[in-house]
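J.: Kindly return the folded structure for what I paste below:
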Amino acid sequence: MFINQTPAKTLSSSPLQNQSKTLKIIPKMKITKRFNRVIKPFKLSNTSTSDFKSQPTKTQSNSKPKSKTKPRKIKQKPTTQFDIHSIESSSTFLVEKAPILGVDFYQIDALDLAPKLLGKYLKRDDVVLQITEVEAYRSNDSACHGRVGVTSRNAPMFGPGGHAYVYLCYGLHTMLNVVADKQGIGSAVLIRSCAPVMGLETIKQRRGLDTEKPVLLTGPGKVGQALGISTDWSNQALFTPGGLELLDGPDVKEIVVGPRVGIDYALPEHVGALWRFAIAGSPWISAPKNTLTPP
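T.: Presented below is the predicted three-dimensional model:
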């Protein structure tokens, strides 16, 4: 008893020994509990050496299901891609029943005709394309070819609505336009992009591109090439059977609009005019897409 009382008196008189007193209390209250939690899963009491060796295998097997979830997410991504074959097969019936649009359909302002052309079908031989993007060009428009008056190249634009106006851009790209309004007005709608409906193999052959991605038809020059037309098709009536035909198609419920592309030479009010129209949500739209917004 005498030996136990001597340290107790020294502890009360020395600050350093007061600290050692607290350190002695902590292991009894907290560290023991914390340490017990850590060592509990690895207790070796009543276990053999073989049981201990099998312990790491259990932790490895628990990590396997986590690695399996990653490939599943990657595999799901391609399902969101556009299925060209399903569109081609589902639209065939509609195209066979679709009538050729009459001449009266085109006798309106180019700005009114442009959105109405979305969803309609362009047909030539075994190739059928659905119009997904257009641009309107009006007679009083500084970006329109008709701004300089009638020339040998743009003369079809001044004809009656419902005819084709085809010209070469940079001497390379065949650009198809649908003439709007009445004779002498000088306005048209440029077909910027389309989606393939029939004749996919012919389209690939004419384009010289073996792909089913939107790059196949997103651009006015690509559309002209896929249809296999040249400037000789300019002034072709689109409402007569044979040759290049424009067929009726489903009405488009949602569209996006934006400024036209490549008309920096025009007046500011025409450069910024929202005269470009496209089917909302369609992957078959040319660049730039970020300038297109709901009207």
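
J.: Please identify the nearest residue in space to Asp109, excluding sequence neighbours.
T.: Using CB to CB, 6 or more residues apart in numbering and skipping the chain neighbours, the partner closest in space to Asp109 is Asp181 (6.0 Å). All C-beta spots, glycine's among them, are computed from the backbone N, C-alpha and C.

J.: Just give me the neighbour total for that neighbour.
T.: A count of neighbours around Asp181, defined by other CB atoms under 10 Å, yields 23.

J.: Surely it touches Leu111?
T.: No: using CB atoms under 8 Å, Asp181 is not in contact with Leu111; the gap is 9.9 Å.

J.: Show me where the stretch 101-250 of the chain has its helices.
T.: 110-117, 200-207, 220-227 (DSSP state H, counting those that start in this stretch).

J.: Out of those, which gets nearest to Gly159?
T.: helix 110-117 (13.6 Å; CB to CB).

J.: helices or strands next to that closest one in the packing?
T.: strand 127-137, strand 173-180, strand 187-198 (3 or more CB pairs under 8 Å, 6 or more residues apart in numbering; DSSP states H and E).

J.: For the last one, name the packing helices and strands.
T.: It stands for strand 187-198. Against strand 187-198 (3+ CB pairs under 8 Å, 6+ apart) you get helix 84-97, helix 110-117, strand 121-124, strand 127-137, strand 173-180, helix 220-227, strand 276-279.

J.: average pLDDT across the last one?
T.: What that stands for is strand 276-279. Averaging pLDDT along strand 276-279 yields 98.

J.: Next: the fourth one.
T.: Strand 127-137 carries an average pLDDT of 98.

J.: Now Lys253: phi and psi?
T.: phi -80, psi -40 (degrees, to the nearest 10).

J.: neighbours of it, just the number please.
T.: Neighbour tally, Lys253, other CB under 10 Å: 8.
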